[in-house]
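In: sequence first, predicted coordinates after that:
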Amino acid sequence: MDKILSIAPGRTCLFGDHQDYLGLPIIACGINRHITLKAIKNNKNYFFIDKPDFGIKRKIAINKEIILREKPDFLLSSLKVLRRYHCIPNCGYDVKITGTIPINAGISSSSAVIIAWIQFLLKAFGPQELLLPENIAQIAFEAEVLEYQFPGGKMDQYSIALGNIIYLETGEYFSFEVLNFTLDGLIIAESGVKKDTIGLLKALKENSWKAIREVEKQVPNFNINEAKMENLKDYLVCLPDELKPFFEATLGNFEVTKKALIEFKKEVLDLGKIGVLMNQHHNYLKDLLKITVPKIDKMIDAASNAGALGSKIVGSGGGGSIVVLSDKKNEQQILDAILAAGAKDAYKVAVDRGANVHFVTKFLT
């Protein structure tokens, strides 16, 4: 069959923002906004890429040596990584990529494009045994982060590929667990404020690691994965004032994520408790890491005043989006309040099943 449909969702982080690049756990989920890739074999020696949402068209030769430039090109870096996994294209495709995931909004449109592209290439050219979500996520991480030595972690790639709600251990003993809840009442709201993802992540990562390393020098056998919030004062005396907020945020967010995991492990999910923990997580991001902007603050306040159970900024910060947890009866008034506070857009979302790819006989419009 010469037609392939590849779909990848967006993602939102529920707990653990700015933790995965420290090797600490996160809880995130796929959401039902998608990148859709439609590919038709063209029997030529190139991929013809059409991104009508951006008015971009390009050709990528299938046999040409791949040389990565300074400006990120994730389609090329994915092809480069896939060659190492013995995925070698031998014919071209016309590829159309469209999406309903907002750009530069903190819900991982770029990672979704990479996931959709990689699973299309694996479906078309193999090896077929790599078409497991965790394999696709790892290849995407290598193409997006390692090839360009970016400061990000693995949250985006794994939450998109796996879908559902996942708990991800990102450290030395890497593992993941799918948490079986639908989590009704999720709202995404876009600020419309553009963000400098790479620059902000780099600065936060460097300062957080500086703080951790400084404590390691002065506290025998210190391990951030075993540190307790109750011992925070003992750790802070090891640090200069400028590094204290980064360490406290690291430890506080880590503890909030562990508490959230306990709630997600219960037979019945208590949305009220999840909401309280989301608020605590946001406060660390806002007050200590300082990654919010005035419009985000107004949107969060509006959601809370309209009855939200919890809300937090999503992603690198400096703009982007927020995620809000609501009970059913308050959803519309929360949406109205966020829009009145100046949000670019606000909408309900559902937890998504994750990335998927298929041979098809025809594309549905």
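Out: Cool, the structure landed.
In: could you name the helices and strands sitting against the host helix or strand of residue 118?
Out: For residue 118, the host element (DSSP states H and E) is helix 109-125. Under the contact criterion of 3 or more CB pairs under 8 Å, 6 or more residues apart in numbering; DSSP states H and E, helix 109-125 touches strand 3-15, strand 26-41, helix 74-84, strand 93-99, helix 133-141, helix 155-162, strand 356-359. Backbone N, C-alpha and C define where each C-beta goes, glycine included.
In: give me whichever of the ones you listed is most buried.
Out: Among the helices and strands packed on helix 109-125, the stretch with the highest mean neighbour count (mean count of other CB atoms under 10 Å) is helix 155-162, at a mean of 30.
In: got the CA positions of the helix or strand just after that one in PDB?
Out: Counting by DSSP H and E, the next helix or strand C-terminal to helix 155-162 is strand 165-169. The C-alpha coordinates for strand 165-169 follow below in PDB (Å, rounded to 0.1, in the frame of the first residue of the first chain):
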ATOM      1  CA  ILE A 165      -1.400   9.900  31.500                       C
ATOM      2  CA  ILE A 166       2.100   8.800  32.200                       C
ATOM      3  CA  TYR A 167       4.600   8.800  35.100                       C
ATOM      4  CA  LEU A 168       8.100   9.100  33.800                       C
ATOM      5  CA  GLU A 169      11.200   8.400  35.800                       C
END
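In: now do strand 165-169: distance to the chain's middle.
Out: Mean C-alpha position of strand 165-169 versus that of the full chain (CA atoms, centre = their mean, to the nearest Å) differs by 12 Å.
In: how about stretch 176-196?
Out: Worked out by CA atoms, centre = their mean, stretch 176-196 lies 9 Å from the chain centre.
In: residues contacting the closest residue to residue 111 other than its chain neighbours?
Out: Counting by CB to CB, 6 or more residues apart in numbering, the nearest residue to residue 111 once its immediate chain neighbours are dropped is residue 156, at 3.9 Å. Residue 156 makes contact with 11, 108, 111, 144 under the criterion CB atoms under 8 Å, 6 or more residues apart in numbering.
In: separation between the most centrally placed residue in the chain and residue 215?
Out: For the chain, the residue sitting closest to the mean C-alpha position, by CA atoms, centre = their mean, is residue 156 at 3.0 Å. Counting by CB to CB, to the nearest Å, the gap from residue 156 to residue 215 is 28 Å.
In: and residue 341, by the same measure?
Out: Residue 341 sits 39 Å away from residue 215 when distances are taken as CB to CB.
In: please apply the same query to residue 110.
Out: Note on residue 110: its distance to residue 215, by CB to CB, is 34 Å.
In: please say which of those two ends up with more neighbours.
Out: The neighbour comparison of residue 110 against residue 215 (other CB atoms under 10 Å) goes to residue 215, with 22 against 16.
In: looking at that one now. What's its pLDDT?
Out: Per-residue pLDDT puts residue 215 at 97.
In: which strand or helix spans it?
Out: Residue 215 belongs to helix 197-218, assigned by DSSP H and E.
In: buried set for the helix or strand that that helix is followed by?
Out: Heading C-terminal from helix 197-218, the first helix or strand you meet, by DSSP H and E, is helix 232-236. Buried residues in helix 232-236, counting neighbours by 16 or more other CB atoms under 10 Å, are found at 235-236.
In: quick check, distance from helix 232-236 to the centre of its chain.
Out: Distance, centroid of helix 232-236 to centroid of chain: 31 Å (CA atoms, centre = their mean).
In: which other residues reach it?
Out: For helix 232-236, the surrounding residues in contact (CB under 8 Å, 6+ apart) are 215, 219, 222, 227, 244, 247-248, 251.
In: what about it, average pLDDT?
Out: On average, the pLDDT along helix 232-236 is 96.
In: does anything pack onto the helix or strand just after it? Which helices or strands?
Out: Counting by DSSP H and E, the next helix or strand C-terminal to helix 232-236 is helix 244-264. Packing contacts for helix 244-264, counted by 3+ CB pairs under 8 Å, 6+ apart, involve strand 3-15, strand 26-41, strand 165-169, helix 197-218, helix 232-236, helix 271-283.
In: identify each buried residue in helix 244-264, please.
Out: Buried positions in helix 244-264, judged by neighbour count with 16+ other CB under 10 Å: 244-261, 263-264.
In: please apply the same query to stretch 185-201.
Out: Of the residues in stretch 185-201, 185-193, 195, 197, 200-201 count as buried by neighbour count, 16+ other CB under 10 Å.
In: need the three-state assignment for residue 48.
Out: Of the three states, residue 48 takes strand under DSSP: H, G, I helix; E, B strand; the rest coil.
In: am I right that it is in contact with residue 57?
Out: Yes - between residue 48 and residue 57 there is a contact under CB atoms under 8 Å: 7.3 Å.
In: more neighbours: which of those two?
Out: Of the pair residue 48 and residue 57, residue 48 is the one with more neighbours under other CB under 10 Å, namely 17 against 11.
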